[in-house]
Each structure stands twice: as structure tokens, then as C-alpha cells.
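A.B. asks: give me coordinates for this.
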Amino acid sequence: MFREAPPLGGPAILRQRWSEVSFLHWKVDPALVAPFMPAGCRPDTLNGSTWVGLIAFQMSHSSFFGGPRIPWLGDFPEVNVRLYSVDDKGRRGVVFLSLEASHLIPVLTARAAFGLPYQWASMKIGQREGQVAYKTKRHGRPDAASHIIVRPVDDPAASVALAADPLATFLTARWAFHETYRGRTIYCRNHHEPWPLQPAELVHLDDGLLAEAGFEGLADRAPDSVMYASDVTTTFATPQRPLQISRPIVRPVWTSERSS
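C.D. replies: Just a heads-up that it's a prediction; the model follows:
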């Protein structure tokens, strides 16, 4: 894994700022997430385990093809559930199981352009007394909701150590996503500066998004990793050519015992 992003390898089509980013992660057996992988991909692992992520942040400063920023429409909170993938060509990325967003037009656009499983939700993000809070509730699916509160830890030495931590690099230095789109697996690259990671404390979690994505009971235990980053600016490239025709995907319910 490389902490710094390699070149995009294609034309840039989208630029965004991600800020107030909280990373919550649970360690799981790779066999539990393998059925969620697009064709040609398998769970990426570190020391024999893989991870399920619940990531919350504010998106802003969106622009397309080097054009001006899109006011209002390109600014909204997001909460996503994601997995970690590597394809048959050795390319690493993430696989999104769901992405909650508060503006309907970007939701529909992302579904149409990339096949990403964006969901329209009512969302809020706020800061108070050193804590960052995120709330989301999917329209029409009240159980698909989450309330997350984290407290970033302001400790420069700990942040330096986190930047060199192989697990933190594995979870955040991904630079791409895999997605099934029109019956094929696409690979879409992004580029941004290294995350300015900080340790963080989980103050509160009441989550139904993990269960909605197929991991029933996972949120009942504390996450194994909690991190925070202030902001990065991200550029996405056009998707690379498909890997292969996808197999039918079955989304199982996660019922196994907690992993060690």
C-alpha cells in the first residue's frame, strides 16, 4: 500500500472537497464480505482480516471537468458503508454498499453515471464542544438511519504515529472504487493528498445502516478503529474499462459471531 496517490491515469471529470471526515471500522472475516464483491474482485486483507467501514463527512466545492463550483447542489453531508477490494489485476479500491446523501439530483446522477448505490436521506452535520455529530435517515426507510458522534484527539505525536500505521494506510489510502455497472465491473480512480489523520474517540453510535447493508448486529459492538480527518480535495478520473461480465450478486444477512 502507498500512502500517496499515484497519478490518475485518465482525464479528470469531478473535483470535490471532503471535510469533517470520521472513519469507523470493524474487523471481520473475509468470508463474510466476499459475497458482496463485484465480479473479478475479492476482499482485500491485512494480516488475514478485512474491514467494514462506516464513513461520515461533508462534501463541498464540487465541480465537473474543471468548471466552476456548483453552489448548493454540490454541498451536502454523506454517510457511506464500504468494503475493501482488490481485483484480478491487483488494483485496490473500495466497494460501496450504500451512500446516503441529502440532495436528490446528485443521488440520481451518481446512480446513472457510475451505478453507485446512492440513497436519498435527510441529513445533518454539526460541531460542538470539540465533537462532530452526524445524523441521517433514509427517505422511506426509517430503519436505515445513523447517529454518530466523534471527538477528534488533538495530539500531534499520535497523528504522526497514525500516519505511519499500516492499518490506517490500508483503510484510507485506497484511491479507487470498484462497482458493478450495466452488468460489468468498473474501476474508477481518484487522487487526493494524504489524509491528515487524527485519532478519535467514539462518543455515540446508534446505527441501522450496517444492518441495512447486510451486516446485522455488527454495530452492536464497538468499532475496532476510529479516526478523523479535517479535509482533503479529491479529483476523480473517468472509469477504466470493465473487467468482465458480472455474476449475480446475493446480499446475505451477516449473522456470524463477532470476529476477533
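
A.B. asks: ok, A222 to E193 distance?
C.D. replies: Spatial separation of A222 from E193 under the definition CB to CB, to the nearest Å is 30 Å. C-beta here means a position set from N, CA and C on the backbone, and glycine is covered the same way.

A.B. asks: apologies, that question was intended for D143.
C.D. replies: In this view, D143 and E193 are 37 Å apart by CB to CB.

A.B. asks: and the helices in the stretch 1-150 of the chain?
C.D. replies: According to DSSP state H, counting those that start in this stretch, the stretch 1-150 of the chain carries its helices in the segments 30-33, 104-114.

A.B. asks: from the ones you listed, which stretch is densest packed?
C.D. replies: Burial among the helices of the stretch 1-150 of the chain, expressed as mean neighbours by mean count of other CB atoms under 10 Å, is greatest for helix 30-33, which shows a mean of 18.

A.B. asks: who are the packing partners of it?
C.D. replies: strand 41-43, strand 50-64 (3 or more CB pairs under 8 Å, 6 or more residues apart in numbering; DSSP states H and E).

A.B. asks: partner strands of the shortest one and their direction?
C.D. replies: This points to strand 41-43. Based on DSSP bridges, the pairing partners of strand 41-43 within the sheet are strand 76-87 (antiparallel).

A.B. asks: the partner strand vs strand 50-64, what angle?
C.D. replies: Regarding strand 76-87 and strand 50-64, their directions subtend 120 degrees when assessed with axes from the mean of the first three to the mean of the last three CA atoms, to 10 degrees.

A.B. asks: so for strand 76-87, what's the average pLDDT?
C.D. replies: When the per-residue pLDDT values of strand 76-87 are averaged, the result is 96.

A.B. asks: flag the helix or strand of this protein with the lowest per-element mean pLDDT.
C.D. replies: The least trusted helix or strand in the chain, going by mean pLDDT, DSSP states H and E, turns out to be helix 104-114, with a mean of 85.
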